[in-house]
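>>> I'd like to go over a predicted model; first the sequence, then the structure.
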Amino acid sequence: MLLLQHQARDAFMAITVWSTVEDAERYDRGGQAAAMVDKIRFAFAGPPTLGTYDAFGIPQQA
């Protein structure tokens, strides 16, 4: 998901959502994360940073 800030049209955040830490790590190790960064790198003002968050209010998948 790519979020574009309303107040600053040149500020955005890319978000991926994973069910498990292992899924997220597999995405990163498999090169998919790097490929996504390469697609939007032209718009970066600086190097990307990685943050990890717990999500609340998202329905659990069965």
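Good, I have the coordinates.
>>> Can you get me a residue count around Trp18?
Neighbour count of Trp18, defined by other CB atoms under 10 Å: 14. For the C-beta atoms, the positions are set from N, CA and C on the backbone; glycine is no exception.
>>> can you give me phi and psi for the most centrally placed residue in the chain?
With distances taken as CA atoms, centre = their mean, the residue of the chain nearest its centroid is Ile15 (2.8 Å). Main-chain dihedrals, Ile15, degrees, to the nearest 10: phi -130, psi 140.
>>> Around Ala33, count how many other residues there are.
17.
>>> Sketch out the low-pLDDT regions of the protein for me.
60-62 (pLDDT under 70).
>>> Spell out the residue ranges of the helices in it.
21-29, 32-40 (DSSP state H).
>>> Show me which residues of stretch 12-28 are buried.
Ala24 (16 or more other CB atoms under 10 Å).
>>> which residues touch that stretch?
1-5, 33, 36, 40, 43, 52, 55, 58, 61 (CB atoms under 8 Å, 6 or more residues apart in numbering).
>>> again, only using 7 Å
Residues outside stretch 12-28 that contact it (CB atoms under 7 Å, 6 or more residues apart in numbering): Met1, Leu2, Leu3, Leu4, Gln5, Ala33, Met36, Ile40, Ala55, Gln61.
>>> and the two most separated of those?
Gln5 and Gln61 (28.9 Å; CB to CB).
>>> more neighbours, those two?
Gln5 (10 against 5).
>>> dump the residue contacts of that one.
Ala11, Phe12.
>>> Swap in 10 Å and give it another go.
Neighbour list for Gln5: Ala11, Phe12, Met13 [criterion: CB atoms under 10 Å, 6 or more residues apart in numbering].
>>> Mind checking which of those land in strands?
Phe12, Met13 (DSSP state E).
>>> In TSV, list the contacts of Gln5 along with distance to Arg29.
Supplementary listing: the contacts of Gln5 in TSV, determined by distance: CB to CB, whole Å:
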residue	distance to Arg29
Ala11	29
Phe12	25
Met13	22
